[in-house]
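>>> From the sequence below, what's the structure:
(one chain, ligands or ions: 1)
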Amino acid sequence: SGPSGAPSPSPAESPLVKRLAGRGAEVADAPPSVWFMRQAGRSLPEYKQVRGTTGMLESCLIPEMAAEITLQPVRRHKVDAGIFFSDIMTPLKIAGLGVHIEPGIGPVFEEPISSEADIRALPPVDDVIRAALDPIREAVRITVEELGSTPLIGFCGAPFTVASYMVEGRPSRDHLTTRSLMTREPELWAHLAEWVANLSGEFLRAQVEAGASAVQLFDSWAGSLSERVYREHVLPHSERTLGFVADLDVPRTHFGVGTGHMLPAIADAGATCVGVDHRIELSEAIDLLPGHLAVQGNIDPSVLFSSEEVRFAEAKRVVEQGRAAAGQVVNLGHGVPPTTDPQVLTDLVAHIHSL
Ligand code: CP3
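Sure, this is the predicted structure:
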């Protein structure tokens, strides 16, 4: 209950969650809703202090630490949602794969998973793995309790983006090895993608069962595929991942970078909301998508390093264009860059709430 003793409104009934579900009309009078991808992390001094020398993926498995880092940007910026502090690689670590996050680089694997033998030897996604997700459930429970009426967004990585790191072994510009595996050995690719779909799906479901009010599927690198290849080799697996929470009544955002050429396919994976990056006008994206869907985005992260005048004009553009959708949540077109001045984000949130 709230400070007055009155029950706090449920996060599931918040304007942000309704908007993500495409029910924006019900909350048309509420101020715009906003959060930022990568709002937790290196742009915040309090994050660096709490993380200290703990490895990125190790910190995700310490429930109190993950909860505290999730809450930091909500307290500081007054954003309308927390995004669970974790990583798209966390389930792979839980499944026992040799992966770590190299600061300034990204996910790096001790041994890339690319031969038939490697792929066939992946551990089963079973009760052992479901039990090993307990630190995630615990972190979500602590976070949700602290957030009160503010919703928590759970997330996971989509099969293509996660598998591309596994196959390439580290961040890659063109995902060439992964894309050639898809066409050269489609059956082997499907086996790998389905394994990731199940693992990411269990990770996502654990977060919702523990109290997350919405989910986001990150297929950051899907934009490197043609719509045809995406529909044939990737979409069914992403659909499978979102299927793990289909019975739980939470809105589902599906996000990728550079997906302007294939937005209807992104929507087809089972999304209620499509994440739009800054490479396309939001109004154009809305025209391409089915009318019942919500949109999220698409402030160009580069304006965080521009003048306040430019930044506020960009926010106005996004809010105005987004009014045409069944629901709109303001966000950046991609994650907060680590060199962002946190005060710029705090002021931007206040400004967006005033629009
Ligand atoms: O605020 C949030 O968004 C919280 C949670 C979050 C993280 N990673 C924390 C993180 C989320 C949703 C992610 C998703 C993620 N992780 C994606 C998809 C989104 C995107 O940005 O496209 C991807 C591709 C990854 C893989 C990954 N993890 C990369 C590329 C990096 C950056 C490496 C670097 O140092 O530049 C990470 C590390 C990571 N994930 C950090 C954080 C806060 C930085 C860790 C640190 O402090 O060094």
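>>> Okay, residue 188 and the ligand: tell me how far apart.
As for residue 188, its distance to the ligand is 23 Å (criterion: CB to the nearest ligand atom, to the nearest Å). Yep, even glycine has a C-beta here, placed from its N, CA and C like the rest.
>>> Find me the pLDDT at the closest residue to the ligand within the stretch 201-350 of the chain, would you?
Nearest residue of the stretch 201-350 of the chain to the ligand (CB to the nearest ligand atom) works out as residue 220 at 3.2 Å. Residue 220 carries a pLDDT value of 95.
>>> Wasn't residue 274 part of a strand?
Yes: assessed with DSSP: H, G, I helix; E, B strand; the rest coil, residue 274 lies in a strand.
>>> And it, how far from residue 332?
Noted for residue 274: a distance of 15 Å to residue 332, by CB to CB, to the nearest Å.
>>> same thing with residue 66?
22 Å.
>>> who has more neighbours, these two?
Each of residue 66 and residue 332 has its neighbours counted (other CB atoms under 10 Å); residue 332 has more, 29 against 25.
>>> show me the contacts for the more buried one.
Residue 332 sits next to 36-37, 278, 297-301, 304 when contact means CB atoms under 8 Å, 6 or more residues apart in numbering.
>>> so which of the residues you listed are also by the ligand?
When CB under 6 Å from any ligand atom is applied, the members of the contacts of residue 332 adjacent to the ligand are residue 37.
>>> For the ligand, what is the nearest residue in the stretch 51-200 of the chain?
At 3.4 Å from the ligand, residue 106 is the closest residue in the stretch 51-200 of the chain, using CB to the nearest ligand atom.
>>> which residue ranges form the strands in the stretch 51-200 of the chain?
82-83, 99-102, 106-109, 152-157 (DSSP state E, counting those that start in this stretch).
>>> Kindly reformat the contacts of residue 332 as TSV and extend each row with pLDDT and secondary structure.
Formatted as TSV, the contacts of residue 332 follow (pLDDT from 0 to 100; DSSP: H, G, I helix; E, B strand; the rest coil):
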residue	pLDDT	secondary structure
36	98	coil
37	98	coil
278	97	coil
297	97	strand
298	98	strand
299	98	strand
300	98	coil
301	98	helix
304	98	helix
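>>> Torsion angles phi and psi at residue 289?
phi -100, psi 150 (degrees, to the nearest 10).
>>> Could you list the low-pLDDT ranges of this protein?
By pLDDT under 70, the low-scoring segments of the chain are 1-7.
>>> got the residues of it near the ligand?
37-42, 51, 56, 83, 85-88, 101, 103-107, 155, 161, 218, 220, 335.
>>> need the longest helix for this protein.
Using DSSP state H, we find that the single longest helix of the chain is helix 186-209.
>>> centre of the chain versus the helix or strand following it, how much separation?
Counting by DSSP states H and E, the next helix or strand C-terminal to helix 186-209 is strand 214-218. Centre-to-centre, strand 214-218 and its host chain are 5 Å apart (CA atoms, centre = their mean, to the nearest Å).
>>> With stretch 312-322 instead?
Averaging C-alpha positions (CA atoms, centre = their mean) puts stretch 312-322 22 Å from its chain's average.
>>> Which residues in it does the neighbour count mark as buried?
312, 314-315, 317-319, 321-322 (16 or more other CB atoms under 10 Å).
>>> Among these, which ones are in helices?
Filtering the buried residues of stretch 312-322 for helices - DSSP H - leaves 312, 314-315, 317-319, 321-322.
>>> out of these, who's nearest residue 194?
Nearest to residue 194 among those, counting by CB to CB, is residue 322 at 34.9 Å.
>>> and the ones in helices among the buried residues of stretch 312-322 as a markdown table, adding distance to residue 249?
Formatted as a markdown table, these follow (distance: CB to CB, whole Å):
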| residue | distance to residue 249 |
| --- | --- |
| 312 | 36 |
| 314 | 34 |
| 315 | 31 |
| 317 | 33 |
| 318 | 28 |
| 319 | 27 |
| 321 | 29 |
| 322 | 24 |
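>>> Closest one of the residues you listed to residue 254?
residue 322 (16.7 Å).
>>> For burial, what's the neighbour tally of residue 58?
14.
>>> how about residue 206, what does it touch?
Applying CB under 8 Å, 6+ apart, one finds that residue 206 lies in contact with 130, 133, 136-137, 140.
>>> if you set the cut-off to 7 Å instead, what comes out?
133, 136-137 (CB atoms under 7 Å, 6 or more residues apart in numbering).
>>> how close does it sit to residue 82?
According to CB to CB, residue 206 and residue 82 sit 16 Å apart.
>>> Check residue 289 too.
Counting by CB to CB, the separation of residue 289 from residue 82 is 26 Å.
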